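**Q** make a model of this:
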Amino acid sequence: MTTFGSLTRAAALAGLLFSAIAGVTPAVAAPADVALLQSYIGEWRGRGVLYGASEETVVCRLTLTQGNQDKVNYNGRCALAGTNLSVAGTLAYVEANRRFEAAMTSNATFTGIAVGQKRGSGLIFNLRERDQDEEGKDLNIAAQIQLNPEDIHVTFEVVYVESGDSLRAEVPFSR
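**A** Here you go, the predicted model:
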C-alpha cells in the first residue's frame with residue numbers, strides 16, 4: 001500500500017478547496033449567469049473526512065468576494081493532521097467559451113481549471129487532471145463541486161495509477 005505523504009495530502013486538500021471553488025480570462029456574461037456566481041459571495045465553512053490508509057478530519061473555510069468585472073474571487077484554507085493548505089482563484093462565465101470556468105492556484109503546487117455547468121438552481125464544476133506526487137508516482141485527480149443555493153458539497157479523489165491506492169475527501173460547506 002502506498003503511504004500518503006504530507007505533499008500528497010496537501011495536493012488532495014488543494015483539489016478539495018479547488019473543487020470547493022476555482023485566473024480566468026475576461027468574460028462578458030448574461031446578467032443571470034453573473035447573478036448566479038455572485039449568489040455564492042460570502043463566508044463558507046466545511047468539515048468532512050479524508051479517507052485513505054486511515055480516516056482524518058478535514059476542516060475548511062472559504063471566502064468568496066466580488067472580483068473585477070463580472071468575476072467572483074475566492075480564498076480558502078483547509079487543515080488536516082497539522083497540514084495547512086491555501087488556495088485562491090476566480091470564478092467566471094467565459095462568453096467566448098460559452099461556459100463557467102474556475103481557476104485555482106495553491107501553496108501545494110496544484111493548479112487547474114474546471115468547467116462548470118448549470119444544474120437546477122446551482123452549478124457543478126468537474127476537474128480531471130493527471131499529476132505526480134513528490135516521489136514521481138503518477139496520480140489521477142478528480143474533483144467535483146456542487147454549488148447549491150444553501151450549501152456547497154465537495155468530493156475529491158486521488159488515485160495512484162500504479163497501485164490503485166486512493167485518497168478520497170468529502171466535505172459539505174455551509175454559510
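**Q** show me where the protein has its helices.
**A** Taking DSSP state H as the test, the helices found in the chain are 6-20, 31-38.
**Q** which of those comes out lowest on mean pLDDT?
**A** When the helices of the chain are compared by mean pLDDT, helix 6-20 comes last with a mean of 51.
**Q** Ala79 contacts Val59, doesn't it?
**A** Yes - using C-beta atoms under 8 Å, Ala79 is in contact with Val59, at 5.0 Å. The way it works is simple: take the backbone N, C-alpha and C, and place the C-beta from them, glycine included.
**Q** any stretches of this structure with poor pLDDT?
**A** 1-29, 108-110 (pLDDT under 70).
**Q** and the strands in it?
**A** 42-51, 55-66, 72-80, 83-94, 99-106, 112-119, 122-132, 138-147, 151-160, 166-174 (DSSP state E).
**Q** tabulate those (JSON lines), appending mean neighbour count.
**A** Listed next are the strands of the chain as JSON lines, based on neighbours: other C-beta atoms under 10 Å:
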{"stretch": "strand 42-51", "mean neighbour count": "16"}
{"stretch": "strand 55-66", "mean neighbour count": "17"}
{"stretch": "strand 72-80", "mean neighbour count": "20"}
{"stretch": "strand 83-94", "mean neighbour count": "22"}
{"stretch": "strand 99-106", "mean neighbour count": "21"}
{"stretch": "strand 112-119", "mean neighbour count": "17"}
{"stretch": "strand 122-132", "mean neighbour count": "17"}
{"stretch": "strand 138-147", "mean neighbour count": "20"}
{"stretch": "strand 151-160", "mean neighbour count": "21"}
{"stretch": "strand 166-174", "mean neighbour count": "19"}
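**Q** can you put those in TSV and add distance to Ala30?
**A** Formatted as TSV, those follow (distance: least, C-beta to C-beta, whole Å):
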stretch	distance to Ala30
strand 42-51	22
strand 55-66	18
strand 72-80	15
strand 83-94	7
strand 99-106	11
strand 112-119	11
strand 122-132	14
strand 138-147	17
strand 151-160	22
strand 166-174	26
